[in-house]
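Novice: sequence-free structure coming up:
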């Protein structure tokens, strides 16, 4: 199980500002570039750490915005600079992953690629590896394979994938057909999903042959397909900049879920490999906190990202404190408080209101304080 | 009404760390030395500003700890340095006010003195002046006069004074006998008090002839009286330091309420002058906030002590923010939050838990972080 998977490449889309994690995550330093758990590795580095053993050296391609490409290259000495693809501007996930698929096909032929976001947290490397290996086998058989995470509760923060009959592909015993995808449900609906035993969280991970993906794209969105192929053909040539400048701005902005996963699932072409590792997309502080280690001597729910010697809690069980400013933080009487202290911006909220942080960011933007964003 | 009152001196005890106002108020910079309202004057300066017109120049005596005497002198250029009495160590309010009374008697004879804490907020200078003038007339007639503040609600944070029949002293038409004092009551009891119409808040202000005070002290606590008289006799001589060093540490620690007000009231020697000005002892952030001006465009209860351009509130009506650190503060989803941001210490609580701030200070002390206190 520790060998790399022949013909398998990983694509890591590294984008997204992580606005709900402001002021820790900023436009200039988004969450994938940050160590969000105090583990000593950024989310991007942790993602690549998980993938490189599966692909082998030279098997990880990162797609990121031009603004962040230098930081990505600097954080990943084990990834050659030519494997960091810089997008001139954000065109959503289909363009990002489609570009990577087309470049991989150009360079290596019809390999299998797996797409794994740069800003998710995963615990359980062995189970992750098993999941990917099974997914790759199903992808070789021509399926678009998504990873279905074992739900730990009726979350309203994620979409769900519904499984149908077993696929019956050799080497992929747990992979099943996909009956369909759902958007983020309300809690009642989510609970009903889980009661059926057929639903898992859709983690937005895809494993697919490059040619399978590009063929589906050609059928669904031929202009986008043609544009990406044209860019890929020029990528490793002197024409790259000219072609990028001309073609990239014309590409359709669409998420890969809408462009490929949903229509292909309806036609029976999508499979789901169950992943029983711990996963979170770290969408806000309420989801980040439980991913951190418990504090010695504190209630079970309190967390500190940073030096807990800087934190005093009084009647504030479950308080999540990020003392990056070096200042002491004293929380009195607010259960599940969230306090994020940075040198120029302090955020005070609760886990319950973690999703509303975006409104605070919007307020600063409206005041013209772009320096804070 | 703008003339000063002949033979009237003001005594301003300036002590108390204001622990519940930490980290704004510190041991090294207690609240009386701070501008707690953004008005541009410290609480001590505001107190002296109110009193000097009533006493005339040279009529205000400040009693403070030796540690703070230089800061007091620096903040009060209109008060001669000899009128700032420095206590070698804290011996509670009876020693502080008794010392001032004895020094005043030594210097000026049997004058009337009024004692007004350095760290209270008062609005309504004219009504305050009227109150003091009436109180002085009653004091001249031999009474210990306390000020009874018109309660704005059944506060549990203050003691109450109960009034009895009118005193019938000329020039003091609203002054009444005192039937007794109460400690801080629970809310139900406080409401019952107010329903009688006989109770007012005990603001801890006293107006009394120096000799009346010292005679009561001689009767109640003769050793304390003798010690203070001995110190006062030496105060303006070369022997001051020697006498202070020898006698001061022997003085009984007791509050003036217990030493004089309560026993003398029981004997019929205390009167109350009603004060219908707005008063608060600024005991914690919950009591400080309403003393600040409302914010334009915000809900009625939100307050900022400092630059409100640094503050964003989202679903946080009533949030009280003190952005002294220059950093921006974003409060999301916590009604009545209290956020006090200073360069080395950040406090996050709610108005409801404002009294519990002391426990946070205690926690830092237990950790040996005396630098924060």
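Specialist: All right, it came through fine. Computed from a predicted model, the values in this text were never measured in an experiment.
Novice: and the host helix or strand of residue A:54, how far out from the chain middle?
Specialist: Using DSSP states H and E, residue A:54 falls within helix A:43-55. Computed by CA atoms, centre = their mean, to the nearest Å, the separation of helix A:43-55 from the middle of its chain amounts to 12 Å.
Novice: what's it packed up against?
Specialist: strand A:8-14, strand A:60-65, helix A:69-75, strand A:121-123, helix A:125-140 (3 or more CB pairs under 8 Å, 6 or more residues apart in numbering or on different chains; DSSP states H and E). The way it works is simple: take the backbone N, C-alpha and C, and place the C-beta from them, glycine included.
Novice: wait, which of these is closest to chain B?
Specialist: strand A:121-123 (22.9 Å; CB to the nearest CB).
Novice: burial measure for residue A:242, as a count.
Specialist: 11 (other CB atoms under 10 Å in any protein chain shown).
Novice: what sits against residue A:359?
Specialist: B:314-315, B:332 (CB atoms under 8 Å, 6 or more residues apart in numbering or on different chains).
Novice: picking up where we left off before, the helix holding residue A:54 vs strand A:8-14, what angle?
Specialist: 170 degrees (axes from the mean of the first three to the mean of the last three CA atoms, to 10 degrees).
Novice: show me what counts as buried in helix A:43-55.
Specialist: Neighbour counts over helix A:43-55 (16 or more other CB atoms under 10 Å in any protein chain shown) mark A:43-48, A:50-55 as buried.
Novice: follow-up on the earlier one: now, which of the contacts of residue A:359 sits nearest residue B:182?
Specialist: residue B:315 (40.0 Å; CB to CB).
Novice: circling back to that earlier point, what's the most buried one of the helices and strands packed on helix A:43-55?
Specialist: strand A:8-14 (a mean of 26; mean count of other CB atoms under 10 Å in any protein chain shown).
Novice: which parts of chain A sit against chain B?
Specialist: Contact residues, chain A versus chain B (CB under 8 Å from any CB of the partner chain): A:23, A:309, A:312, A:314-315, A:325, A:327-334, A:337, A:339, A:341-350, A:352-353, A:356-357, A:359-360, A:363-364, A:367, A:369, A:372.
Novice: which among these count as buried?
Specialist: Neighbour-count burial (16+ other CB under 10 Å) applied to the residues of chain A next to chain B gives A:23, A:312, A:314, A:325, A:327-334, A:337, A:339, A:341-342, A:345-350, A:353, A:356-357, A:359-360, A:363-364, A:369, A:372.
Novice: restricted to helices, list the residues you listed.
Specialist: A:357, A:359-360, A:363-364 (DSSP state H).
Novice: for these, give me CSV that also has distance to residue A:120 and pLDDT.
Specialist: Formatted as CSV, these follow (distance: CB to CB, whole Å; pLDDT from 0 to 100):
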residue, distance to residue A:120, pLDDT
A:357, 19, 96
A:359, 24, 96
A:360, 24, 96
A:363, 28, 96
A:364, 26, 96
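Novice: including distance to residue A:272, could these go into CSV?
Specialist: What follows is these, written out as CSV (distance: CB to CB, whole Å):
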residue, distance to residue A:272
A:357, 32
A:359, 35
A:360, 37
A:363, 40
A:364, 40
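Novice: now flag whichever of those residues is closest to residue A:85.
Specialist: Closest to residue A:85, out of all of those and judged by CB to CB, is residue A:357, at 30.4 Å.
Novice: per-residue confidence at the residue nearest to that closest one when sequence neighbours are not counted?
Specialist: Setting aside the residues directly before and after it, residue A:357 is nearest to residue A:20 in space (CB to CB, 6 or more residues apart in numbering or on different chains), at 5.0 Å. On the pLDDT scale, residue A:20 is placed at 93.
Novice: tell me the secondary structure of residue A:20, please.
Specialist: helix (DSSP: H, G, I helix; E, B strand; the rest coil).
Novice: need the contact list for the closest residue to chain B within the stretch 1-150 of chain A.
Specialist: Chain B sits closest to residue A:23 of the stretch 1-150 of chain A, with a gap of 7.6 Å, by CB to the nearest CB. Residues in contact with residue A:23, defined by CB under 8 Å, 6+ apart, are A:340, A:342, A:344-347, A:372, B:330.
Novice: check residue A:142 too.
Specialist: Counted by CB under 8 Å, 6+ apart, residue A:142 has contacts A:209, A:212, A:269.
Novice: just the ones of those residues in helices?
Specialist: Those of the contacts of residue A:142 lying in helices (DSSP H): residue A:212.
Novice: quick check, nearest of the contacts of residue A:142 to residue B:140?
Specialist: Using CB to CB, residue A:269 is the member of the contacts of residue A:142 that sits closest to residue B:140, with 100.8 Å.
Novice: hang on, that closest one packs against residue A:216?
Specialist: Yes - at 7.3 Å, residue A:269 and residue A:216 qualify as touching, with contact defined as CB atoms under 8 Å.
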